[in-house]
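Participant: Starting from these lines, generate the structure:
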Amino acid sequence: MIEVYFDSNKFAIQSNNVTLSTLENKALSRELLGLKSFLESNKITDKVKIFTTDIVIEESKKRLKNIAIDKVTSLKSHLNNASIDISHEKLTDDYWWSKIEDNLQKELKENNIEVIKSSAKIKVEDLINRSLNHDAPFEKDGDKGFKDTIIFLTILQKISEEVNKPDQVILITGDGRIKDCMEEFKDKTGVELIVSDGNDIDDILDTQLNLNIGISKIRDDFNQYMDIEKNQEYAEAKVLSLIRKKTPKKSHFVVYINENWMEKVMDINFKNFEITKIDSKDKKDFEIKLETIFEVYYAEKPKMKSLFEYQSFEEVPRLNSTLPDNIKQKFIIKYNKESGSFGDLEISGDPSAVQLFSGYDNFYIA
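Facilitator: Predicted structure coming up:
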């Protein structure tokens, strides 16, 4: 059995650019949901158990609530400036505190994530000594690392006391300093600690569980494939063609609106991509899912429609208006590991705008 633990910076949504409509429906991070999907698609849910700590839960709640309330406060300010009535349930702090709390509890249960309590056996003097000596996870300079140290010591204490210990412990964290704790963890528990930022968790499990999927080779081959300019141009043409055919889908929380911005799109340029999932039924033929980002160019700047033209929040058309700087598009591509060959990039779903000026919501082209 492998135990995977999530730190605060990888457990829940982190980006301040997340939309209110996303926060209304989910809380967990892409890394965590990606791991869960990998376990299920490879039928290894019985070999890997996901954990986090109570500190991570409380820190995640606070962060998500602060993100939501900051966005609502900003939106209310714009509405007020336009003399629009803001007496709406979704514009209250209580609504978002309750919604985020409910989402976290629901997703913990749905994904079978176990929350462990911070160890009561951690001595204050030990924390002080680690801080003064700058022992990891404390930073080499300054006092940063208190919560990370409690999380690390809690996991260490749990594993140390277990009779039936896991084969490995994987800690998903964005804190590079924790890697300096790996030797201490092995010495005190007898169990190997693997530290990851979450992007290579499928590769780690492939190796540790002898799945023989070959995740590393697939990633390397695909990186080379997407480095080829003609493949990037092919992706650009597919997305641009889709933009020409689509009309906006209604959304929430807006400041301005331009209903015809897609007509102003002159061109798009491939920027980067990220593999989000690798599926296989026979370990020979694979389906790679990815998200790509394209920069958008406009022939001219469209005229915006102002909030001042509306009398109440309910009257505001629920379309995000500002011109997207970038477009995100999902693709699927087939890959044969034996020949190293790829099929054509196929569109998966509709493109969505990211990095908007207003920052309140995605503008989906659907």
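
Participant: need the strands for the stretch 151-300 of the chain, in chain order.
Facilitator: In the stretch 151-300 of the chain, the strands defined using DSSP state E, counting those that start in this stretch lie at 168-172, 192-196, 265-280, 285-298.

Participant: Give the buried residues for stretch 39-48.
Facilitator: Buried residues in stretch 39-48, defined by neighbour count with 16 or more other Cβ atoms under 10 Å: 39, 42, 48. To be clear about C-beta, it is placed using only N, CA and C from the backbone, and glycine gets the same treatment.

Participant: On the pLDDT front, check the last one for me.
Facilitator: When you say that, I think you mean Val48. Reported pLDDT at Val48 in the predicted model: 93.

Participant: Around the residue lying closest to it once chain neighbours are set aside, how many other residues sit close by?
Facilitator: Spatial nearest neighbour of Val48, excluding adjacent residues (Cβ to Cβ, 6 or more residues apart in numbering): Ile2 at 4.9 Å. Neighbour count of Ile2, defined by other Cβ atoms under 10 Å: 18.

Participant: got a list of what Ile2 touches?
Facilitator: Counting by Cβ atoms under 8 Å, 6 or more residues apart in numbering, Ile2 makes contact with 47-49, 166-170, 205, 208-209.

Participant: repeat that for 6 Å
Facilitator: Residues in contact with Ile2 (Cβ atoms under 6 Å, 6 or more residues apart in numbering) are 48, 166-168.

Participant: who wins for most neighbours among those?
Facilitator: Val48 (22 neighbours).

Participant: measure that one to Asn111 for me?
Facilitator: 12 Å (Cβ to Cβ, to the nearest Å).

Participant: Could you do Leu211 as well?
Facilitator: Leu211 is 21 Å from Asn111, by Cβ to Cβ.

Participant: More neighbours: which of these two?
Facilitator: Neighbour count, other Cβ under 10 Å: between Leu211 and Asn111, Leu211 has more, with 17 against 14.

Participant: So what does the more buried one have for phi and psi?
Facilitator: Main-chain torsions, Leu211, degrees, to the nearest 10: phi -80, psi -20.

Participant: For it, give its distance to Thr292.
Facilitator: From Leu211 over to Thr292 (counting by Cβ to Cβ), the distance is 27 Å.

Participant: With Val56 instead?
Facilitator: Distance from Val56 to Thr292, by Cβ to Cβ: 31 Å.

Participant: again, but for Ile116
Facilitator: Distance, Ile116 to Thr292, by Cβ to Cβ: 38 Å.
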